[in-house]
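S.K.: Got a predicted model here, sequence first, then my questions.
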Amino acid sequence: MRLGLPTKEITEKKKLRALSFASLPEDDVILLGTRTGKEISNFKQNLLTVQPGEEVEVKGPLGQFTLPEDGNQTLVFFAGGVGVTPIRALLEKLAKDKSERTIKFVYSSLDYYFYKEDFAEFKKSLPNAEFIFVRDENDVDRELTKLTSELANDALYYVSSSEKIVEAVSQSLQDKGIDAENIKHDILYGY
């Protein structure tokens, strides 16, 4: 989606920002995930001050990072850092539907795992799901090698992270024999 803050004074050139939903359309709230570093942009400073009921501008949802129609297809999710945001929403949907499909979720982060408590809760409703938390490139490669060897092109692969990581992981999956049409990605720009 694209988010604007019409009640705030945004000093940056880009008045709308691309963000991913971590919540579902039927939820009572809009849950977003973003990261703030040592230097927080003017937009994010203002975003952090939005109060319940305050007007925001939302365009979307946008993109094709959605679950397949086939309710039996095996799903492999890879998230790097805050790229977990849209995957959280997909896993919540699967948990609410009590999906029995095979789900593998590899989440890589150097220092903090967003939504970890939510994932523990979702796991209770997903009997065939495995949640794998890793910290570095070697662990990511090891897990993706295991999964591609086991599942090959019988799974649909979701990759969400910064542009550099999405490109590297997508290429790694293709190098391991996964067809490009079996890889969906959501790029988080600005990270």
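M.R.: Done, it's in.
S.K.: Counting residues, which helix of the protein comes out longest?
M.R.: In terms of residue count, the longest helix belonging to the chain (DSSP state H) is helix 137-151.
S.K.: Give the buried residues for that helix.
M.R.: Residues of helix 137-151 classed as buried by neighbour count (16 or more other CB atoms under 10 Å): 140, 143-144, 147-148, 151. Using the backbone N, CA and C atoms, a C-beta is placed for each residue, glycine as well.
S.K.: same deal with stretch 149-158?
M.R.: In stretch 149-158, counting by 16+ other CB under 10 Å, buried: 151, 155-158.
S.K.: Need the residues that contact that stretch.
M.R.: Stretch 149-158 is contacted from outside by 65, 68, 73-78, 87, 90, 102, 104, 147, 173, 176-179, 182-186, using CB atoms under 8 Å, 6 or more residues apart in numbering.
S.K.: try 10 Å this time
M.R.: Contacts with stretch 149-158, where a contact means CB atoms under 10 Å, 6 or more residues apart in numbering, come from 65-68, 70, 73-79, 83, 86-87, 90, 101-105, 144, 147-148, 169-170, 173-174, 176-179, 181-186.
S.K.: For the longest helix of the chain, C-alpha coordinates in CSV please.
M.R.: Only the C-alpha atoms of helix 137-151 are listed here, as CSV (Å, rounded to 0.1, in the frame of the first residue of the first chain):
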residue,chain,number,x,y,z
GLU,A,137,23.7,-15.8,5.6
ASN,A,138,25.2,-19.2,6.2
ASP,A,139,22.1,-20.3,8.2
VAL,A,140,19.8,-18.9,5.5
ASP,A,141,21.7,-20.8,2.8
ARG,A,142,21.7,-24.0,4.8
GLU,A,143,17.9,-23.8,5.4
LEU,A,144,17.0,-22.9,1.9
THR,A,145,19.2,-25.6,0.5
LYS,A,146,17.4,-28.2,2.7
LEU,A,147,14.0,-26.9,1.7
THR,A,148,14.7,-26.7,-2.0
SER,A,149,16.2,-30.2,-1.9
GLU,A,150,13.1,-31.5,-0.1
LEU,A,151,10.4,-29.6,-1.9
